[in-house]
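**Student:** fold the following, please.
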Amino acid sequence: MKERRIELVYFDGCPNADRARANLEAALGAGSWREWNLSSGDTPERFRRHGSPTVLVDGRDVTGEGEANAAMACRADGVPSVELIREALVISGRPGASR
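**Tutor:** Numbering: from 1, shown residues only. Got it, this is the predicted structure:
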């Protein structure tokens, strides 16, 4: 089975970024993810339309929201929950995601 892409999009100073990391850790256990800092010039353009923090599984926002921001902004819905992240992993077919 192919490895899934799990990514966290955030910006420096985002008040919810640490909570999003904690929820990712709780959902993944020993898994890992890539982080994209919107404050960095190295972050690809395709991530710049996501609010902070956004958790993506294979490029899809775990909350079901699409790309919406024209500028760097906090998410109005706060932090994706552990349950939402786990559900997205199960749907994507990642082994062990339902633990």
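**Student:** going by C-alpha atoms from here, please, whenever you check contacts or count neighbours.
**Tutor:** OK.
**Student:** which residues of the chain score low on pLDDT?
**Tutor:** Residues of the chain meeting the criterion pLDDT under 70: 1-2, 67-71, 94-99.
**Student:** so which residues of it form strands?
**Tutor:** For the chain, the strands defined by DSSP state E occupy 6-10, 34-37, 54-57, 60-61.
**Student:** just name the most buried of these.
**Tutor:** strand 54-57 (a mean of 24; mean count of other C-alpha atoms under 10 Å).
**Student:** ok, residues contacting that one?
**Tutor:** 4-10, 20, 61-62, 75, 79-80, 85, 88-89, 92 (C-alpha atoms under 8 Å, 6 or more residues apart in numbering).
**Student:** just to revisit the earlier point, JSON lines for the strands of the chain, including distance to Ala26?
**Tutor:** JSON lines is the format used below for these (distance: least, C-alpha to C-alpha, whole Å):
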{"stretch": "strand 6-10", "distance to Ala26": "14"}
{"stretch": "strand 34-37", "distance to Ala26": "16"}
{"stretch": "strand 54-57", "distance to Ala26": "13"}
{"stretch": "strand 60-61", "distance to Ala26": "18"}
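**Student:** how about these, which one is nearest Leu28?
**Tutor:** strand 6-10 (9.8 Å; C-alpha to C-alpha).
**Student:** what sits closest to the spatially most central residue of the chain if chain neighbours are left out?
**Tutor:** In the chain, the centroid-proximal residue (C-alpha atoms, centre = their mean) is Val55; its distance is 1.1 Å. Among residues not flanking Val55 along the chain, Leu8 sits closest, at 4.7 Å (C-alpha to C-alpha, 6 or more residues apart in numbering).
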